[in-house]
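# with the input below, show me the fold.
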Amino acid sequence: MLSRQVHHGGLTRTPSDGIISYVVGFLAMVPFFSTVLFTGPVAQLLQGADIAPIIGLVVSAGLYLLLMRRRDLSIEFATVATRPQSTARAHELPLGATVAGFTASG
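Below is the predicted model of the structure:
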């Protein structure tokens with residue numbers, strides 16, 4: 001199930017790298033948790049300091065980068081190379097239209 005291919009506009013990716021990185025990052029956080037319900041062993045050594053989010057971010061980002069290094073991105077690069085460099089005109093607002101406080105002007 002995790003290796004199921006997802007197709008997006010000609011691009012193919014396997015979402016398992018992100019899911020694996022997320023789960024491993026979360027598991028790495030557990031010893032660093034400092035909550036009302038649970039305090040991990042490392043958090044106890046740090047006198048209750050909760051540094052779990054930092055650990056989770058570093059572990060999951062690092063693992064994701066390592067997993068993506070083995071990925072063959074040649075199909076994605078070839079697809080991007082054939083696309084227009086800017087899609088700004090495709091999303092241009094009509095003159096006078098307002099979105100989030102900004103007004104399109106000519």
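# from now on I want contacts and neighbour counts done on CA atoms only, so please keep to that.
Fine.
# buried sites along the helix or strand harbouring residue 75?
Using DSSP states H and E, residue 75 falls within helix 74-81. Judged by neighbour count using 16 or more other Cα atoms under 10 Å, helix 74-81 contains no buried positions.
# low-confidence ranges, the chain, go.
1-15, 85-106 (pLDDT under 70).
# 50 instead, please
Scanning the chain with the threshold set as pLDDT under 50 gives 1-4, 10.
# what about the longest helix in it?
When the chain is scanned for its longest helix (criterion: DSSP state H), the result is helix 52-69.
# which helices and strands does that helix pack with?
In this structure, helix 52-69 makes packing contacts with helix 16-29, judged by 3 or more Cα pairs under 8 Å, 6 or more residues apart in numbering; DSSP states H and E.
# and residue 82, how many neighbours does it have?
Per other Cα atoms under 10 Å, the neighbour tally for residue 82 reads 8.
# how much space separates it from residue 75?
11 Å (Cα to Cα, to the nearest Å).
# sorry, back to before: need the CA coordinates for the longest helix of the chain. PDB is fine.
Output of helix 52-69 as PDB, limited to C-alpha atoms (Å, rounded to 0.1, in the frame of the first residue of the first chain):
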ATOM      1  CA  ALA A  52      10.700  16.800  21.000                       C
ATOM      2  CA  PRO A  53       9.600  19.100  18.200                       C
ATOM      3  CA  ILE A  54      13.200  20.000  17.400                       C
ATOM      4  CA  ILE A  55      14.300  16.300  17.400                       C
ATOM      5  CA  GLY A  56      11.300  15.300  15.300                       C
ATOM      6  CA  LEU A  57      12.000  18.000  12.700                       C
ATOM      7  CA  VAL A  58      15.700  17.200  12.400                       C
ATOM      8  CA  VAL A  59      15.200  13.400  12.200                       C
ATOM      9  CA  SER A  60      12.300  13.500   9.800                       C
ATOM     10  CA  ALA A  61      13.900  16.100   7.500                       C
ATOM     11  CA  GLY A  62      17.200  14.300   7.500                       C
ATOM     12  CA  LEU A  63      15.700  10.900   6.800                       C
ATOM     13  CA  TYR A  64      13.500  12.400   4.000                       C
ATOM     14  CA  LEU A  65      16.600  13.900   2.300                       C
ATOM     15  CA  LEU A  66      18.400  10.600   2.600                       C
ATOM     16  CA  LEU A  67      15.500   8.700   1.100                       C
ATOM     17  CA  MET A  68      15.100  11.200  -1.700                       C
ATOM     18  CA  ARG A  69      18.700  10.900  -2.700                       C
END
